[in-house]
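J.: Here is a sequence with its predicted model. Questions after.
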Amino acid sequence: MGSLKSLAQGFLVATGLIWLFNVFALYRSGDAWLALLYLLILFIPAFSLTFLKMKNTNPKATQNSSEKWRNLLFSFQGVALAFWMFDIATTFYAINITGLAVELNPLGWPLGILGAFTYYAPTLVFSYILLSKTKEDIALYAAIPLSLLTLFMGTRNLMAGAQNFQVFVDTAELATGVRYGLLLALIITVNLAVPLALKRMVTQPKVVLS
């Protein structure tokens, strides 16, 4: 369960960073309404990450340094997966929706997805074995270069996705009738999110030291 939580946290953090980039890119392009829409979508990974942080917190359980490093390294797998998913989504838009881009991979689209999948799938499994099933220090040391390599591969997907997202910035347009609905949705979201977050913080059990 701890490994799955670390994977999810890495995925959500990376998704939030991607969405912040998307909001900035849309706002900089002059389309503040689409930026507002993406800002609303940003609440989804933000709330999910907050929920994970607050759920199943056991104040009695303390992690040693090795466990913290293992969780951090495995969260990089989630970061890379988020970058890969961003690349896939933006490639689909650029090729299938607009028809303004082509797949450079010799396998073509969508078979080009298999190229990255053949790396990420076994790497994810191997990292899980090293970081969760093997407790020796040598397994932790072996997972460090593997995690850094996975993060490098994910960063390449992020850069490709950013280039594809520029196609979305240049072609996407939001209907006028939707704009005031976005403002209303933002107001409702804030009015719901803030009281719930404050209530959760107040009802959070206190740690009693003995």
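T.: That came in fine, so what should we check first? Residues are numbered from 1 along each chain as shown.
J.: Please make it C-alpha for all contacts and neighbour counts, starting now.
T.: Fine.
J.: Tell me the buried residues in the lengthiest helix in the chain?
T.: Secondary structure of the chain read by DSSP state H shows that its longest helix is helix 137-171. Within helix 137-171, the residues that count as buried by 16 or more other CA atoms under 10 Å are 139-140, 143-144, 146-147, 150-151, 153-158, 160-162, 164-169.
J.: What of stretch 3-23?
T.: Buried residues in stretch 3-23, counted by 16+ other CA under 10 Å: 3, 5-16, 18-20, 22-23.
J.: Now Tyr119: which helix or strand?
T.: With secondary structure defined by DSSP states H and E, Tyr119 is part of helix 113-128.
J.: so what's Gly78 closest to, chain neighbours aside?
T.: Leaving aside its sequence neighbours, Gly78 sits nearest to Phe11 (CA to CA, 6 or more residues apart in numbering; 4.1 Å).
J.: Make sure that neighbour is actually in contact with Phe74.
T.: No. With contact defined as CA atoms under 8 Å, Phe11 does not count as touching Phe74 (10.5 Å).
J.: just the helices in this structure please.
T.: For the chain, the helices defined by DSSP H occupy 2-28, 32-54, 65-92, 113-128, 137-171, 176-203.
J.: Looking at these, which is nearest to Val102?
T.: Proximity to Val102 (CA to CA) singles out helix 65-92 among the helices of the chain, at 8.7 Å.
J.: mind listing what's buried in the closest one?
T.: Going by neighbour count (16+ other CA under 10 Å), the buried part of helix 65-92 is 67, 70-88, 90-92.
J.: contacting residues around Ser65?
T.: Shown in contact with Ser65 (CA atoms under 8 Å, 6 or more residues apart in numbering): no residues.
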